[in-house]
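**Q** Requesting a structural model of the entry that follows:
(one chain, ligands or ions: 3)
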Amino acid sequence: MPRPVHFRGDRAGLRPCKHTHAARLVTPHSEGCPECLARGDGWAELWLCLSCGWVACSDGSPNRHAQAHYEETDHPVATPLRPGPSPHWCFIHQRLT
Ligand SMILES: [Zn+2]
Ligand SMILES: [Zn+2]
Ligand SMILES: [Zn+2]
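**A** Ligands and ions are numbered 1, 2, ... in the order given. Below you'll find the model as predicted:
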């Protein structure tokens, strides 16, 4: 069972955008990108949707399912799914936040 991810952390130098209010304490939905796993594809990095806990591959991955999730759901903020504090990525502003 994946553990909940805390996103308070080192965000020094980053100005939070107005979309970070959508970020909640979420439990990752899976340990990999479900759509890539179904297709047998790989990814560079996994991102966690901070609105619903959906896990998908990053913009640096071949399939960019995190971007697809944003386009389907309008969930604006994701964070890399890795140990330790990470900045948020805002899909609307297309920047770290
Ligand atoms: Zn934003
Ligand atoms: Zn994927
Ligand atoms: Zn979501």
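
**Q** quick one: contacts for the nearest residue to P87 once chain neighbours are set aside?
**A** Nearest-residue entry for P87: L96, 4.4 Å, with adjacent residues in sequence omitted and distances by C-beta to C-beta, 6 or more residues apart in numbering. Bear in mind the C-beta positions are built from the backbone N, C-alpha and C, glycine included. With contacts defined as C-beta atoms under 8 Å, 6 or more residues apart in numbering, the neighbours of L96 are 14, 87-90.

**Q** at 7 Å instead, please
**A** Contact analysis of L96 by C-beta atoms under 7 Å, 6 or more residues apart in numbering lists 14, 87-89.

**Q** cool, A56 as well?
**A** 33, 47, 65-66, 69.

**Q** what about 10 Å?
**A** 29-30, 32-36, 43, 46-49, 63-70, 78, 81 (C-beta atoms under 10 Å, 6 or more residues apart in numbering).

**Q** so after whatever helix or strand it lives in, what's the next helix or strand?
**A** A56 belongs to strand 55-57 when assigned by DSSP states H and E. For strand 55-57, the following helix or strand on the C-terminal side (DSSP H and E) is helix 65-73.

**Q** re the thing from before, from the contacts of L96, which land in strands?
**A** Using DSSP state E, the subset of the contacts of L96 located in strands is W89.

**Q** Can you say which of the contacts of L96 are buried?
**A** Taking 16 or more other C-beta atoms under 10 Å as the criterion, what is buried in those is 87-89.

**Q** Name the residues of stretch 77-91 that are buried.
**A** Here stretch 77-91 shows 77-81, 86-91 as buried, counting by 16+ other C-beta under 10 Å.

**Q** oh, I was asking about stretch 62-82
**A** So, applying 16+ other C-beta under 10 Å, buried residues of stretch 62-82: 63-67, 69-70, 75-81.
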